[in-house]
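> Here is my input, please return the structure:
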Amino acid sequence: MSISQLFTRLVAFAVVATLAAGCTINRNIMFRTPSDFVFDAYNPISDVNYRIAPNDLLRFQLFSNQGERLLSVTAGARAGSAGGNNGGGNQQQLLAGNSSFIYEVRPDGTVELPELGAVKLAGLNIDEAETFLEKEFNKYYVAPLALLEVTNQRVLVFPGEAGVASVVPLVNPNTSLLEVLALSGGIRARGDARNVKLIRRSAEGQAIYQLDLSTIEGIKFANTTVQAGDIIYVEPLPQYAQEVLADIGPVLSLITTVSSFIALISVLNGN
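Next comes the predicted model:
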């Protein structure tokens with residue numbers, strides 16, 4: 001076998017091995033769906049009220065007498081600093097003083113609260129959970145008023161370009177999809193506004209909606225109220241030419257080097 005034949009076979013082997021093992025064309029595209037995938041029907045008012053889930057962090061406050069001392073507490077006065085009506089100073093106080101405390105929802109959906117112990121709140125929205133706690137604390141306090149807030153609400157945004165994903169905290173409970181995209185810098189140049197996936201936790205598992213924001217009709221999707229734990233994924237447009245060139249660049253460089261070496265060997269043998 002001549003030198004040129006040997007190097008030709010080595011180059012062929014290198015090309016096949018590189019393309020088989022190193023191909024990265026569009027591997028950064030996530031959450032692919034087959035052509036026959038059935039997305040969930042979009043309903044802009046479904047599950048507007050966020051439901052408490054495991055690992056949530058809850059800020060909890062409790063007042064008696066339907067929150068009679070709430071205004072004084074929020075104004076900076078010490079709850080229960082003066083005696084009051086309907087049960088005395090102890091009944092006027094905010095549970096555990098005039099501060100709020102953070103409680104974590106356990107994996108089993110329960111929360112360990114003072115006096116009540118472990119109570120299950122997962123699956124309830126905030127209004128339902130507050131009503132439930134008021135009923136439970138009614139055994140110990142006069143007309144209790146419970147206040148709950150989820151403090152770790154956030155959404156994940158993938159705006160259509162690798163390396164620029166972000167976690168957006170939900171400060172406003174009525175934050176829209178459009179606001180979240182704006183906070184994350186908007187849809188990127190490679191992002192496909194026609195193919196935005198909203199992945200949301202539901203009682204049945206995961207609900208997946210496909211939203212088209214490319215036309216003015218898409219404003220109904222843009223105004224969707226996001227929920228904690230939502231994933232907003234803007235699918236990137238494929239870049240076949242650019243990524244193919246990036247993949248075969250090392251192979252082309254190898255072929256050029258081998259060709260130059262073969263030409264040099266040929267010249268030396270000719271001399």
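
> so what's the backbone phi/psi at Val267?
Main-chain dihedrals, Val267, degrees, to the nearest 10: phi -60, psi -40.

> What separation do you get for it and Ser259?
Per CB to CB, to the nearest Å, Val267 is found 13 Å from Ser259. C-betas here are computed from N, CA, C, even on glycine.

> Give me the more crowded residue out of these two.
Ser259 (14 against 9; other CB atoms under 10 Å).

> Give me the next element, helix or strand, following the worst-scoring helix or strand of the chain on mean pLDDT.
Within the chain, no helix or strand scores below helix 88-92, which has a mean of 43 by mean pLDDT, DSSP states H and E. Using DSSP states H and E, the helix or strand that follows helix 88-92 towards the C-terminus is strand 101-104.

> residues in contact with the strand or helix carrying Ile199?
Using DSSP H and E, Ile199 maps to strand 191-202. With contact meaning CB atoms under 8 Å, 6 or more residues apart in numbering, strand 191-202 is reached by 31, 33, 47, 53, 159-161, 177, 187, 206-214, 218, 221, 224, 226-227, 229-237.

> Asn223 - how many residues pack around it?
Asn223: 12 surrounding residues under other CB under 10 Å.

> Apologies, that question was intended for Asn55.
11.

> Unless I'm misreading it, it sits right up against Val105, doesn't it?
Yes: Asn55 sits in contact with Val105 when judged by CB atoms under 8 Å, with a separation of 6.2 Å.

> How about the contacts made by the residue nearest to Phe132 when sequence neighbours are not counted?
In this structure, Phe132 finds its nearest non-sequential neighbour in Leu124, 6.6 Å apart by CB to CB, 6 or more residues apart in numbering. By CB under 8 Å, 6+ apart, the residues touching Leu124 are 51-52, 132.

> Can you list which of those are found in helices?
Among the contacts of Leu124, the members falling in helices (DSSP state H) are Phe132.

> any chance of the contacts of Leu124 in TSV, plus neighbour count and pLDDT?
As requested, these are arranged in TSV below (neighbours: other CB atoms under 10 Å; pLDDT from 0 to 100):
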residue	neighbour count	pLDDT
Arg51	21	84
Ile52	21	88
Phe132	16	95
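
> ok, the contacts of Leu124 vs Val142, which is closest?
Closest approach between the contacts of Leu124 and Val142, by CB to CB: Phe132, at 18.0 Å.

> I'd like the distance from that closest one to Glu149, if you could.
According to CB to CB, Phe132 stands 16 Å off from Glu149.

> quick one on the thing from earlier: any chance of a markdown table for the contacts of Leu124, columns distance to Arg59?
Formatted as a markdown table, the contacts of Leu124 follow (distance: CB to CB, whole Å):
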| residue | distance to Arg59 |
| --- | --- |
| Arg51 | 17 |
| Ile52 | 12 |
| Phe132 | 17 |
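
> In the protein, what residue spans correspond to strands?
With DSSP state E as the criterion, the chain has strands at 57-63, 101-104, 110-113, 117-120, 145-150, 154-158, 166-169, 191-202, 205-211, 231-236.

> and the ones you listed as JSON lines, adding distance to Phe137 and mean neighbour count?
Below are the strands of the chain laid out as JSON lines (distance: least, CB to CB, whole Å; neighbours: other CB atoms under 10 Å):
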{"stretch": "strand 57-63", "distance to Phe137": "6", "mean neighbour count": "20"}
{"stretch": "strand 101-104", "distance to Phe137": "14", "mean neighbour count": "14"}
{"stretch": "strand 110-113", "distance to Phe137": "9", "mean neighbour count": "17"}
{"stretch": "strand 117-120", "distance to Phe137": "10", "mean neighbour count": "12"}
{"stretch": "strand 145-150", "distance to Phe137": "7", "mean neighbour count": "19"}
{"stretch": "strand 154-158", "distance to Phe137": "29", "mean neighbour count": "20"}
{"stretch": "strand 166-169", "distance to Phe137": "30", "mean neighbour count": "14"}
{"stretch": "strand 191-202", "distance to Phe137": "29", "mean neighbour count": "18"}
{"stretch": "strand 205-211", "distance to Phe137": "33", "mean neighbour count": "16"}
{"stretch": "strand 231-236", "distance to Phe137": "36", "mean neighbour count": "22"}
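
> looking at these, which is closest to Phe37?
Of the strands of the chain, nearest to Phe37 by CB to CB is strand 205-211, at 8.3 Å.
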